[in-house]
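>>> Mind folding the following:
(chains A and B)
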2 protein chains.
Amino acid sequence: MTSKGPEEEHPSVTLFRQYLRIRTVQPKPDYGAAVAFFEETARQLGLGCQKVEVAPGYVVTVLTWPGTNPTLSSILLNSHTDVVPVFKEHWSHDPFEAFKDSEGYIYARGAQDMKCVSIQYLEAVRRLKVEGHRFPRTIHMTFVPDEEVGGHQGMELFVQRPEFHALRAGFALDEGIANPTDAFTVFYSERSPWWVRVTSTGRPGHASRFMEDTAAEKLHKVVNSILAFREKEWQRLQSNPHLKEGSVTSVNLTKLEGGVAYNVIPATMSASFDFRVAPDVDFKAFEEQLQSWCQAAGEGVTLEFAQKWMHPQVTPTDDSNPWWAAFSRVCKDMNLTLEPEIMPAATDNRYIRAVGVPALGFSPMNRTPVLLHDHDERLHEAVFLRGVDIYTRLLPALASVPALPSDS
Amino acid sequence: MTSKGPEEEHPSVTLFRQYLRIRTVQPKPDYGAAVAFFEETARQLGLGCQKVEVAPGYVVTVLTWPGTNPTLSSILLNSHTDVVPVFKEHWSHDPFEAFKDSEGYIYARGAQDMKCVSIQYLEAVRRLKVEGHRFPRTIHMTFVPDEEVGGHQGMELFVQRPEFHALRAGFALDEGIANPTDAFTVFYSERSPWWVRVTSTGRPGHASRFMEDTAAEKLHKVVNSILAFREKEWQRLQSNPHLKEGSVTSVNLTKLEGGVAYNVIPATMSASFDFRVAPDVDFKAFEEQLQSWCQAAGEGVTLEFAQKWMHPQVTPTDDSNPWWAAFSRVCKDMNLTLEPEIMPAATDNRYIRAVGVPALGFSPMNRTPVLLHDHDERLHEAVFLRGVDIYTRLLPALASVPALPSDS
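You can find the predicted model right below:
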């Protein structure tokens, strides 16, 4: 099977495949090559280009298309440049070759998450600029590192910097997710990641003895309580077809540690959990619940947070929100069915929303299986190009939203 | 607080304290010094001395007092020379100084487990020899390495060797345990150590998602089943005052492993258990029970044995057993109350019984707290000397048991 020659290929697709070949793969992403790529693209498009090093070796590249009315807040089109690792043995093609099969599927890590969106932003701006458009609001495109490992040396730092405040972002778009149906998923909020480690301490001893108050037994009680809670939330999700995953609190037991030898009862054991707390949960009460499960298990059972996101923000999805109004009107005009949801995972949007910028998570990929982080991640070139069309309609609408109180 | 000068001290106690100072402590026991100690003692007592290297650096020392009737099987007095590690910061005195306090307590690792017994054997033989006794049956004293770490380079190998068969052991004594009451504990069997590792495999993925069929959930189901079984056996033990720990099957969850990161659902997790299966259990049915708990938990849940002892032997404790008859008659004559039990843990006796030699586990320490493997392990010199008295009565009785069918 051979891929079509580049000359018959749409130039936006060629640029997309070129970007896919840059190995910005964790844990050692080639950020330098990505920054150079965007600098060159900025030069081609006549866009302002600013590089902000938020941490040594971690550069946020900002491309700017100034608006005609600088008093208005801007539109922030964000995307992360890093991609998750691959298990090459499970791929049909080299994950960094951007192989395109005869049907038009482009196989590559990042094809869905989220290099497609980066290029769709750029190609939509290219089209609009070529057509001679100018819009009241400035459009900034930010290309950030480190998202796939939590953004702690990426967006989390960037939103605290003067360079970010200088962008005066009024509204942001960031990554969404593919949708196997005809509809398009759009995220208006995120669940809050709570990474909890429960440590149980108890009487050590020789494992041939019947010992009471062992670390294992008490840890098991807490695991019982947490997995029972998980089952309840899972049943709530299953029993209500209108509920999406982001609307319930999920939890996964992801790490178990403890013990040195078969015949030694250890003094300490621990279990780690990845909670994703739905934005409508009473966070204070939920933490008290976790603590009570530990206390109920017995003496010496404690929990600590490796991460506890406490800023759940919800971007309204009704016409009281002018950004949503503009966004949804374009989608309506294009007969795109939107499925508003709470993002089950965590993206850089949580940092953006946390500093007061309303934001939506949107990756225009319908009729496409969800393959992010998966083997053989791929995207059909037609779906990719359709996405460029969608942004070409969205950007004018968003960048023309009339002056708002928040602008000042 | 100073200890009494050696000159007022009973020489048996002095020899005991001398032996306690030899650092045969795991993981690097000074076996050489122990072997030299027994060679010298053999020379003093005029006993035969044979050294059998069962593995490089692992020597079994055999001291022999020949009997008058070589056609009869012998009496085997076994003891291990290694002792378990110490946490010095938790000791009142240096664990290898054999400090004796003003009350007569001797503080040392091995004071109870089981250097006291080694010296009591020798001192009883010394007394009997000095009194000019000779007995029909040969008495062998075996001093073996490696018991505290499973005996895999000690008794387990020794019982397979021609030198062991040449001993023609008819009956054996090995270690027991202290008893805080007036009574003396004596073990007639042991529970079988089954070291089981349950490994659960399931769908990996991003921990923000609600995934079904995860390794953690299935592992939890098996842990649930096993700890429920544990609770049932624990209740059985608590509700029946006549039941001792060795008569029920105990289990401890001693190791937990699995997971690499908070936000990654791992494909594999495992939990390890130390089962001590009571000798009256149907082993085949019990293994099937363990397997069924794994199958009930879901696909891809398996178990493997790191150790599975399948030779539960019971030495009869009634007068149908001539060795028990002789042993118990002496104890009766000395007004010693015996508490026959199944040894909850595992000792070298399991290897001895497994090759068909009836054996009892007996450490003559009553009115003594159980401190084996504990901080400040100690033994009162009077209890130690009483033990020498007891063996001085036991050995003649055992070594004079009349000819038995098993002798041929």
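
>>> Which stretches in the stretch 201-350 of chain A count as strands?
With DSSP state E, counting those that start in this stretch as the criterion, the stretch 201-350 of chain A has strands at A:205-206, A:250-258, A:264-265, A:268-277, A:301-308, A:338-343.

>>> what helices or strands is the first one leaning on?
Using 3 or more CB pairs under 8 Å, 6 or more residues apart in numbering or on different chains; DSSP states H and E as the contact test, the elements touching strand A:205-206 are strand A:264-265. C-beta: built from backbone N, CA, C; applies to glycine.

>>> Do any residues in the lengthiest helix in chain A lie close to chain B?
Counting residues, the longest helix found in chain A (DSSP state H) is helix A:215-239. Yes. For helix A:215-239 and chain B, the contact criterion (CB under 8 Å from any CB of the partner chain) is met by A:216-217, A:219-220, A:223-224, A:227, A:233-234, A:237.

>>> Please apply the same query to stretch A:368-383.
Yes. Counting by CB under 8 Å from any CB, chain B has neighbours in stretch A:368-383: residue A:373.

>>> Measure how far that stretch is from the centre of its chain, please.
16 Å (CA atoms, centre = their mean, to the nearest Å).

>>> so how far does that stretch reach from one end to the other?
8 Å (CA to CA, to the nearest Å).

>>> What strands line up against the helix or strand of chain A with the lowest mean pLDDT, and which way round?
In chain A, no helix or strand scores lower on mean pLDDT, DSSP states H and E than strand A:205-206, which sits at a mean of 86. In the sheet containing strand A:205-206, its partner strands are strand A:264-265 (antiparallel), by DSSP bridges.

>>> how distant is the strand it pairs with from the center of its chain?
42 Å.

>>> any idea of the mean pLDDT for it?
For strand A:264-265, mean pLDDT rounds to 91.

>>> For that strand, report the contacting residues that lie outside it.
A:202-207, A:209, A:211, A:214-216, B:252, B:254 (CB atoms under 8 Å, 6 or more residues apart in numbering or on different chains).

>>> Quick check: residues of the stretch 301-408 of chain A near chain B?
A:306-307, A:344-346, A:373.

>>> Which one of these is nearest to chain B?
Comparing those against chain B with CB to the nearest CB places residue A:345 closest, at 3.6 Å.

>>> How about the closest one: what's its closest non-neighbour residue?
Leaving aside its sequence neighbours, residue A:345 sits nearest to residue B:208 (CB to CB, 6 or more residues apart in numbering or on different chains; 3.6 Å).

>>> what's the neighbour count on the one you found?
Neighbour count of residue B:208, defined by other CB atoms under 10 Å in any protein chain shown: 22.

>>> Buried among the contacts of strand A:264-265? Need that as a selection in PyMOL.
Command for PyMOL, covering only those of the contacts of strand A:264-265 found buried under the criterion 16 or more other CB atoms under 10 Å in any protein chain shown:
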select buried, (chain A and resi 202+205+206+207+209+211+214+215+216) or (chain B and resi 252+254)
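
>>> which one of the contacts of strand A:264-265 sits closest to residue B:336?
residue A:209 (25.2 Å; CB to CB).

>>> and of the residues of helix A:215-239 next to chain B, the nearest to residue B:43?
residue A:216 (50.5 Å).

>>> what sits against that closest one?
A:200, A:202, A:258, A:265-266, A:269, B:227, B:252-254, B:256.

>>> from memory residue A:119 sits against residue A:14, does it?
No. Here residue A:119 does not reach residue A:14: they are 9.9 Å apart, not a contact under CB atoms under 8 Å.

>>> Roughly how far does residue A:190 sit from chain B?
Using CB to the nearest CB, to the nearest Å, we find residue A:190 at a distance of 9 Å from chain B.

>>> Please apply the same query to residue A:381.
26 Å.

>>> how many other residues sit next to that residue?
Counted with other CB under 10 Å, residue A:381 comes out at 20.

>>> cool, residue A:197 as well?
For residue A:197, using other CB under 10 Å, the count is 16.

>>> and it, which of the three is it?
Secondary structure, DSSP: H, G, I helix; E, B strand; the rest coil: residue A:197 is strand.

>>> check contacts around it.
A:255, A:270-273, A:303-306.

>>> Got a ChimeraX select line for the buried ones in those residues?
Selecting only the buried members of the contacts of residue A:197 in ChimeraX, with burial defined as 16+ other CB under 10 Å, works like this:
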select /A:255,270,271,272,273,303,306
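
>>> now, among the contacts of residue A:197, which is nearest to residue B:82?
residue A:270 (32.1 Å).

>>> if we can go back for a sec, of the residues of the stretch 301-408 of chain A next to chain B, which qualify as buried by neighbour count?
A:306-307, A:344-346, A:373.

>>> From those, pick the one nearest residue A:66.
residue A:346 (31.7 Å).

>>> wait, doesn't that closest one sit right on residue A:309?
Yes. In terms of CB under 8 Å, residue A:346 counts as a neighbour of residue A:309; the distance is 7.1 Å.

>>> what's the overlap in contacts for the two?
A:192-193.

>>> that older thread, tell me which of the contacts of residue A:216 is nearest to residue A:26?
Closest to residue A:26, out of all of the contacts of residue A:216 and judged by CB to CB, is residue B:256, at 27.2 Å.

>>> Check the offset of the longest helix of chain A from the chain's centre.
The answer for helix A:215-239 is 27 Å, by CA atoms, centre = their mean.

>>> now that helix: mean pLDDT?
On average, helix A:215-239 scores 97.

>>> which ones are touching the closest residue to residue A:57 other than its chain neighbours?
Leaving out its chain neighbours, the residue that sits closest to residue A:57 by CB to CB, 6+ apart is residue A:31, at 6.7 Å. Neighbouring residues of residue A:31 by CB under 8 Å, 6+ apart: A:24, A:57-59, A:81-82, A:145.

>>> Which members of these occur in strands, if any?
If you go by DSSP state E, the contacts of residue A:31 have A:58-59 in strands.

>>> Can you say which of the contacts of residue A:31 are buried?
A:24, A:58-59, A:81-82, A:145.

>>> which one of these is nearest chain B?
Using CB to the nearest CB, the buried ones among the contacts of residue A:31 come closest to chain B at residue A:82, 14.6 Å.

>>> got a pLDDT number for the nearest residue to that closest one once chain neighbours are set aside?
Nearest residue to residue A:82 in three dimensions, chain neighbours excluded: residue A:29, at 4.5 Å (CB to CB, 6+ apart). pLDDT for residue A:29: 98.

>>> what about residue A:29, which SS state?
Once three-state DSSP is applied, residue A:29 turns out coil.

>>> Could I get the phi/psi values of it?
Main-chain dihedrals, residue A:29, degrees, to the nearest 10: phi -70, psi 140.

>>> Now do the same contact list for it.
Contacts of residue A:29 (CB under 8 Å, 6+ apart): A:23, A:81-83, A:145.

>>> If we use 10 Å, what do you get?
A:22-23, A:57-58, A:80-83, A:145-146, A:148-149 (CB atoms under 10 Å, 6 or more residues apart in numbering or on different chains).

>>> what about it, distance to chain B?
Distance from residue A:29 to chain B, by CB to the nearest CB: 17 Å.

>>> same deal with residue A:340?
18 Å.

>>> what's the burial count for the residue nearest to that residue when sequence neighbours are not counted?
Nearest residue to residue A:340 in three dimensions, chain neighbours excluded: residue A:317, at 4.7 Å (CB to CB, 6+ apart). Neighbour count of residue A:317, defined by other CB under 10 Å: 20.

>>> Can you name the residues that contact residue A:317?
A:186-189, A:323-325, A:327-328, A:338, A:340-341, A:360.

>>> just residue A:400 next, same as before
A:67, A:72, A:75, A:133, A:135-137, A:326.

>>> ok so, going back, how about the longest helix of chain A: buried residues?
Applying 16+ other CB under 10 Å to helix A:215-239 flags A:215-227, A:229-230, A:233-234, A:237 as buried.

>>> Chain A: helices as residue ranges?
A:11-20, A:31-45, A:115-130, A:155-158, A:162-167, A:215-239, A:283-297, A:322-333, A:349-354, A:381-398.

>>> To residue B:286, which of the ones you listed lies closest?
helix A:215-239 (20.5 Å).

>>> Thanks a lot, catch you later.
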